[in-house]
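1. build me a model from this:
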Amino acid sequence: MIKFFRKIRFSLMGVNKTGKYVKYALGEIFLVVIGILIALQINNWNEFNKEQALLTASLNSLILNLNEDIENLNKQIEYNRDVQEAIEFSFRIISLPDYENVALSNFANEIKDIASEKTFLPSKTAYKSMESSSHFQWINNQELAESIFKYYAVLDRFSNITNENNQFVKKHIESFIYTEMEFGTFFPSSNAYSNERSLALDNTDILRGKPAFENALIGRKFRANGEINLSRDAILKAEELIESITTYLKNNN
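-> Numbering: from 1, shown residues only. Model prediction:
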(Lines give C-alpha, C1' and ligand atoms only; values in the text may rest on other atoms or scores of the structure.)
Protein backbone atom coordinates (compact mmCIF):
# COMPACT_ATOMS: atom_id res chain seq x y z
CA MET A 1 0.00 0.00 0.00
CA ILE A 2 2.84 2.40 0.82
CA LYS A 3 4.50 1.63 -2.52
CA PHE A 4 1.20 2.33 -4.27
CA PHE A 5 0.91 5.82 -2.73
CA ARG A 6 4.58 6.48 -3.44
CA LYS A 7 4.09 5.71 -7.16
CA ILE A 8 1.16 8.11 -7.33
CA ARG A 9 3.20 10.81 -5.62
CA PHE A 10 6.11 10.38 -8.04
CA SER A 11 3.82 10.41 -11.07
CA LEU A 12 2.24 13.70 -9.96
CA MET A 13 5.63 15.26 -9.37
CA GLY A 14 6.83 14.05 -12.75
CA VAL A 15 4.07 15.76 -14.75
CA ASN A 16 4.43 18.94 -12.70
CA LYS A 17 0.98 18.75 -11.25
CA THR A 18 1.89 20.69 -8.11
CA GLY A 19 -1.66 21.53 -7.03
CA LYS A 20 -2.80 17.97 -7.26
CA TYR A 21 0.34 16.83 -5.47
CA VAL A 22 -0.30 19.19 -2.54
CA LYS A 23 -3.86 17.96 -2.25
CA TYR A 24 -2.65 14.40 -2.37
CA ALA A 25 0.00 15.08 0.25
CA LEU A 26 -2.57 16.66 2.55
CA GLY A 27 -4.87 13.70 2.03
CA GLU A 28 -2.05 11.32 2.86
CA ILE A 29 -1.26 13.24 6.04
CA PHE A 30 -4.94 13.20 6.95
CA LEU A 31 -5.08 9.42 6.52
CA VAL A 32 -1.99 8.98 8.68
CA VAL A 33 -3.48 11.20 11.42
CA ILE A 34 -6.77 9.29 11.28
CA GLY A 35 -4.85 6.01 11.56
CA ILE A 36 -2.95 7.29 14.60
CA LEU A 37 -6.16 8.50 16.26
CA ILE A 38 -7.85 5.15 15.63
CA ALA A 39 -4.86 3.31 17.10
CA LEU A 40 -4.89 5.57 20.15
CA GLN A 41 -8.61 5.03 20.57
CA ILE A 42 -8.19 1.26 20.40
CA ASN A 43 -5.33 1.44 22.90
CA ASN A 44 -7.39 3.61 25.25
CA TRP A 45 -10.31 1.23 24.94
CA ASN A 46 -8.06 -1.74 25.77
CA GLU A 47 -6.62 0.11 28.78
CA PHE A 48 -10.11 1.01 29.95
CA ASN A 49 -11.20 -2.62 29.73
CA LYS A 50 -8.13 -3.68 31.72
CA GLU A 51 -8.85 -1.05 34.38
CA GLN A 52 -12.49 -2.13 34.64
CA ALA A 53 -11.49 -5.78 34.94
CA LEU A 54 -9.08 -4.92 37.77
CA LEU A 55 -11.71 -2.74 39.45
CA THR A 56 -14.29 -5.51 39.24
CA ALA A 57 -11.86 -7.97 40.83
CA SER A 58 -11.02 -5.47 43.57
CA LEU A 59 -14.67 -4.74 44.36
CA ASN A 60 -15.46 -8.46 44.52
CA SER A 61 -12.55 -8.89 46.94
CA LEU A 62 -13.89 -5.95 48.93
CA ILE A 63 -17.25 -7.72 49.26
CA LEU A 64 -15.43 -10.77 50.66
CA ASN A 65 -13.68 -8.53 53.21
CA LEU A 66 -16.99 -6.92 54.16
CA ASN A 67 -18.51 -10.34 54.82
CA GLU A 68 -15.48 -11.15 56.99
CA ASP A 69 -16.10 -7.92 58.90
CA ILE A 70 -19.73 -8.87 59.46
CA GLU A 71 -18.68 -12.27 60.81
CA ASN A 72 -16.08 -10.72 63.14
CA LEU A 73 -18.47 -7.99 64.29
CA ASN A 74 -21.00 -10.65 65.23
CA LYS A 75 -18.25 -12.39 67.22
CA GLN A 76 -17.55 -9.05 68.93
CA ILE A 77 -21.23 -8.84 69.90
CA GLU A 78 -21.19 -12.41 71.21
CA TYR A 79 -18.03 -11.66 73.22
CA ASN A 80 -19.57 -8.56 74.79
CA ARG A 81 -22.74 -10.45 75.68
CA ASP A 82 -20.56 -12.94 77.56
CA VAL A 83 -18.92 -9.98 79.30
CA GLN A 84 -22.34 -8.62 80.24
CA GLU A 85 -23.37 -11.97 81.74
CA ALA A 86 -20.14 -12.11 83.75
CA ILE A 87 -20.73 -8.56 85.00
CA GLU A 88 -24.32 -9.33 86.04
CA PHE A 89 -23.16 -12.40 87.95
CA SER A 90 -20.40 -10.36 89.60
CA PHE A 91 -23.02 -7.82 90.70
CA ARG A 92 -24.86 -10.67 92.42
CA ILE A 93 -21.71 -11.76 94.21
CA ILE A 94 -20.98 -8.32 95.59
CA SER A 95 -24.60 -7.40 96.36
CA LEU A 96 -26.71 -10.41 97.43
CA PRO A 97 -26.41 -12.01 100.90
CA ASP A 98 -26.62 -15.51 99.39
CA TYR A 99 -23.06 -15.06 98.07
CA GLU A 100 -21.53 -13.77 101.31
CA ASN A 101 -18.56 -15.74 102.73
CA VAL A 102 -18.61 -18.35 99.95
CA ALA A 103 -15.66 -19.84 98.08
CA LEU A 104 -14.96 -17.49 95.17
CA SER A 105 -13.33 -20.24 93.13
CA ASN A 106 -16.77 -21.86 92.79
CA PHE A 107 -17.73 -19.05 90.43
CA ALA A 108 -14.54 -18.84 88.36
CA ASN A 109 -16.28 -19.81 85.11
CA GLU A 110 -19.16 -17.39 85.67
CA ILE A 111 -17.03 -14.28 86.20
CA LYS A 112 -13.86 -15.00 84.22
CA ASP A 113 -15.00 -12.90 81.23
CA ILE A 114 -14.92 -9.66 83.22
CA ALA A 115 -11.13 -9.69 82.74
CA SER A 116 -11.14 -10.89 79.13
CA GLU A 117 -9.98 -8.72 76.22
CA LYS A 118 -10.82 -8.71 72.53
CA THR A 119 -9.64 -6.32 69.83
CA PHE A 120 -11.52 -5.87 66.57
CA LEU A 121 -9.41 -5.53 63.44
CA PRO A 122 -11.22 -4.80 60.15
CA SER A 123 -10.43 -6.87 57.05
CA LYS A 124 -8.73 -4.26 54.86
CA THR A 125 -6.72 -6.31 52.35
CA ALA A 126 -8.80 -5.29 49.32
CA TYR A 127 -9.22 -1.70 50.52
CA LYS A 128 -5.48 -1.20 51.00
CA SER A 129 -4.76 -2.78 47.60
CA MET A 130 -7.27 -0.48 45.90
CA GLU A 131 -5.83 2.52 47.70
CA SER A 132 -2.20 1.74 46.84
CA SER A 133 -3.05 0.94 43.21
CA SER A 134 -5.27 4.02 42.77
CA HIS A 135 -8.27 1.90 41.80
CA PHE A 136 -10.69 4.36 43.39
CA GLN A 137 -10.20 6.79 40.49
CA TRP A 138 -11.79 4.21 38.18
CA ILE A 139 -15.08 4.16 40.11
CA ASN A 140 -17.52 6.33 38.17
CA ASN A 141 -19.82 6.68 41.18
CA GLN A 142 -18.42 9.21 43.64
CA GLU A 143 -21.05 8.39 46.24
CA LEU A 144 -19.95 4.75 46.29
CA ALA A 145 -16.28 5.71 46.64
CA GLU A 146 -17.09 8.03 49.53
CA SER A 147 -19.19 5.32 51.21
CA ILE A 148 -16.21 2.97 51.13
CA PHE A 149 -13.92 5.60 52.68
CA LYS A 150 -16.49 6.44 55.37
CA TYR A 151 -17.06 2.78 56.20
CA TYR A 152 -13.39 2.10 56.91
CA ALA A 153 -13.12 5.33 58.89
CA VAL A 154 -15.95 4.02 61.11
CA LEU A 155 -14.25 0.64 61.51
CA ASP A 156 -10.88 2.21 62.34
CA ARG A 157 -12.58 4.27 65.04
CA PHE A 158 -14.32 1.16 66.39
CA SER A 159 -11.02 -0.74 66.42
CA ASN A 160 -9.46 2.08 68.46
CA ILE A 161 -12.39 1.94 70.90
CA THR A 162 -11.89 -1.80 71.46
CA ASN A 163 -8.21 -1.09 72.20
CA GLU A 164 -9.21 1.62 74.68
CA ASN A 165 -11.63 -0.79 76.35
CA ASN A 166 -8.88 -3.39 76.65
CA GLN A 167 -6.72 -0.79 78.35
CA PHE A 168 -9.60 -0.08 80.74
CA VAL A 169 -9.69 -3.78 81.64
CA LYS A 170 -5.95 -3.83 82.28
CA LYS A 171 -6.06 -0.71 84.43
CA HIS A 172 -9.20 -1.27 86.47
CA ILE A 173 -9.99 -5.00 86.41
CA GLU A 174 -6.63 -6.72 86.09
CA SER A 175 -4.91 -4.38 88.51
CA PHE A 176 -7.59 -5.09 91.12
CA ILE A 177 -7.30 -8.84 90.53
CA TYR A 178 -3.52 -8.79 90.91
CA THR A 179 -3.53 -6.67 94.07
CA GLU A 180 -6.69 -7.81 95.89
CA MET A 181 -7.39 -11.41 94.85
CA GLU A 182 -5.49 -14.58 95.63
CA PHE A 183 -4.80 -16.48 92.42
CA GLY A 184 -3.68 -19.73 94.04
CA THR A 185 -7.23 -20.61 95.05
CA PHE A 186 -9.10 -18.84 92.31
CA PHE A 187 -7.06 -20.76 89.71
CA PRO A 188 -5.95 -23.87 91.62
CA SER A 189 -4.23 -25.43 88.59
CA SER A 190 -1.89 -22.45 88.28
CA ASN A 191 0.34 -23.73 91.08
CA ALA A 192 0.30 -27.50 91.37
CA TYR A 193 2.58 -27.42 94.42
CA SER A 194 0.55 -25.10 96.62
CA ASN A 195 -1.54 -26.38 99.49
CA GLU A 196 -5.28 -25.81 99.43
CA ARG A 197 -6.01 -22.34 100.74
CA SER A 198 -8.43 -21.60 103.52
CA LEU A 199 -11.80 -19.97 102.98
CA ALA A 200 -10.36 -16.77 104.40
CA LEU A 201 -8.42 -16.37 101.14
CA ASP A 202 -10.76 -18.10 98.67
CA ASN A 203 -13.74 -15.96 99.59
CA THR A 204 -16.35 -13.85 97.78
CA ASP A 205 -15.83 -11.25 100.51
CA ILE A 206 -12.64 -10.30 98.64
CA LEU A 207 -14.95 -8.57 96.14
CA ARG A 208 -17.72 -7.44 98.45
CA GLY A 209 -17.64 -3.96 99.92
CA LYS A 210 -15.03 -2.77 97.42
CA PRO A 211 -16.25 0.41 95.65
CA ALA A 212 -13.30 0.32 93.26
CA PHE A 213 -14.33 -3.12 91.99
CA GLU A 214 -18.00 -2.18 91.65
CA ASN A 215 -17.06 1.02 89.81
CA ALA A 216 -14.89 -1.01 87.45
CA LEU A 217 -17.79 -3.37 86.77
CA ILE A 218 -20.12 -0.46 85.99
CA GLY A 219 -17.55 1.07 83.64
CA ARG A 220 -17.01 -2.33 82.01
CA LYS A 221 -20.77 -2.71 81.52
CA PHE A 222 -21.11 0.68 79.80
CA ARG A 223 -18.22 -0.12 77.49
CA ALA A 224 -19.60 -3.56 76.59
CA ASN A 225 -22.98 -2.01 75.79
CA GLY A 226 -21.26 0.61 73.66
CA GLU A 227 -19.32 -2.01 71.68
CA ILE A 228 -22.51 -3.96 70.97
CA ASN A 229 -24.28 -0.88 69.64
CA LEU A 230 -21.29 0.15 67.52
CA SER A 231 -20.95 -3.41 66.18
CA ARG A 232 -24.58 -3.46 65.11
CA ASP A 233 -24.21 -0.10 63.41
CA ALA A 234 -21.07 -1.27 61.58
CA ILE A 235 -22.82 -4.46 60.43
CA LEU A 236 -25.65 -2.38 58.98
CA LYS A 237 -23.15 -0.16 57.14
CA ALA A 238 -21.29 -3.22 55.81
CA GLU A 239 -24.52 -4.77 54.49
CA GLU A 240 -25.54 -1.50 52.83
CA LEU A 241 -22.10 -1.20 51.24
CA ILE A 242 -22.26 -4.76 49.90
CA GLU A 243 -25.60 -3.95 48.31
CA SER A 244 -24.23 -0.73 46.76
CA ILE A 245 -21.15 -2.49 45.34
CA THR A 246 -23.25 -5.35 43.96
CA THR A 247 -25.58 -2.89 42.21
CA TYR A 248 -22.60 -0.97 40.80
CA LEU A 249 -21.04 -4.15 39.39
CA LYS A 250 -24.33 -5.17 37.75
CA ASN A 251 -24.69 -1.77 36.11
CA ASN A 252 -21.10 -1.54 34.90
CA ASN A 253 -20.37 -5.03 33.58
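2. for residue 169, give me the pLDDT.
-> The pLDDT attached to residue 169 in the predicted structure is 96.
3. can I assume it is in contact with residue 113?
-> No - contact criterion C-beta atoms under 8 Å: residue 169 and residue 113 do not qualify, at 10.3 Å. In this view, the C-beta of every residue, glycine as well, is placed from N, C-alpha and C.
4. any stretches of this protein with poor pLDDT?
-> 1-49, 185-188, 194-197 (pLDDT under 70).
5. the helices in it, which residues?
-> For the chain, helices defined by DSSP state H occupy the ranges 2-14, 18-95, 108-111, 125-132, 142-168, 175-180, 183-186, 211-251.
6. just these: most buried one?
-> Counting by mean count of other C-beta atoms under 10 Å, helix 183-186 has the highest mean neighbour count of the helices of the chain, with a mean of 18.
7. let me see the contact set for residue 145.
-> 136, 139 (C-beta atoms under 8 Å, 6 or more residues apart in numbering).
8. from residue 106, how far off is residue 253?
-> 61 Å (C-beta to C-beta, to the nearest Å).
9. what of residue 73?
-> 34 Å.
10. in TSV: the helices of the chain, plus distance to residue 117.
-> Formatted as TSV, the helices of the chain follow (distance: least, C-beta to C-beta, whole Å):
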stretch	distance to residue 117
helix 2-14	76
helix 18-95	9
helix 108-111	15
helix 125-132	24
helix 142-168	4
helix 175-180	13
helix 183-186	18
helix 211-251	11
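11. between these, which gets nearest to residue 198?
-> Smallest distance to residue 198 across the helices of the chain (C-beta to C-beta): 8.6 Å, for helix 183-186.
12. rewinding a little: what do residue 169 and residue 113 both touch?
-> Contacts common to residue 169 and residue 113, judged by C-beta under 8 Å, 6+ apart, are absent.
13. for stretch 127-140, how far is the first residue from the last?
-> Using C-alpha to C-alpha, to the nearest Å, one end of stretch 127-140 lies 17 Å from the other.
14. now do stretch 125-142
-> Span of stretch 125-142 from end to end, C-alpha to C-alpha: 21 Å.
15. list the contacts of it.
-> 51-52, 54-55, 58-59, 61-62, 64-65, 145, 148, 152, 248, 252.
16. distance check, the most centrally placed residue in the chain against residue 161.
-> In the chain, the centroid-proximal residue (C-alpha atoms, centre = their mean) is residue 122; its distance is 2.4 Å. For residue 122, the distance to residue 161 equals 12 Å [C-beta to C-beta].
17. same thing with residue 248?
-> Plainly put, residue 248 is 30 Å away from residue 161 if you go by C-beta to C-beta.
18. what sits closest to residue 253 if chain neighbours are left out?
-> residue 56 (6.1 Å; C-beta to C-beta, 6 or more residues apart in numbering).
19. how near is the one you found to residue 133?
-> Relative to residue 133, residue 56 is positioned 14 Å away (C-beta to C-beta).
20. and stretch 146-155, how far out from the chain's middle?
-> 9 Å (C-alpha atoms, centre = their mean, to the nearest Å).
21. residues in contact with it: which ones?
-> By C-beta under 8 Å, 6+ apart, stretch 146-155 touches 62, 69, 120, 122, 124, 127, 136, 233-234, 237-238, 240-241, 244.
22. repeat that with 7 Å
-> Outside stretch 146-155, the residues within contact range by C-beta atoms under 7 Å, 6 or more residues apart in numbering are 69, 122, 124, 127, 234, 237, 238, 241, 244.
23. touching, the second one and residue 69? I think so.
-> This points to residue 122. Yes - with contact defined as C-beta atoms under 7 Å, residue 122 reaches residue 69; the gap is 5.6 Å.
24. still on that earlier bit, and the residue nearest to the centre of the chain, how far is that from residue 169?
-> 21 Å.
25. over to residue 55?
-> The gap separating residue 55 from residue 169 is 42 Å, by C-beta to C-beta.
26. same check on residue 115?
-> In terms of C-beta to C-beta, residue 115 sits 6 Å off from residue 169.
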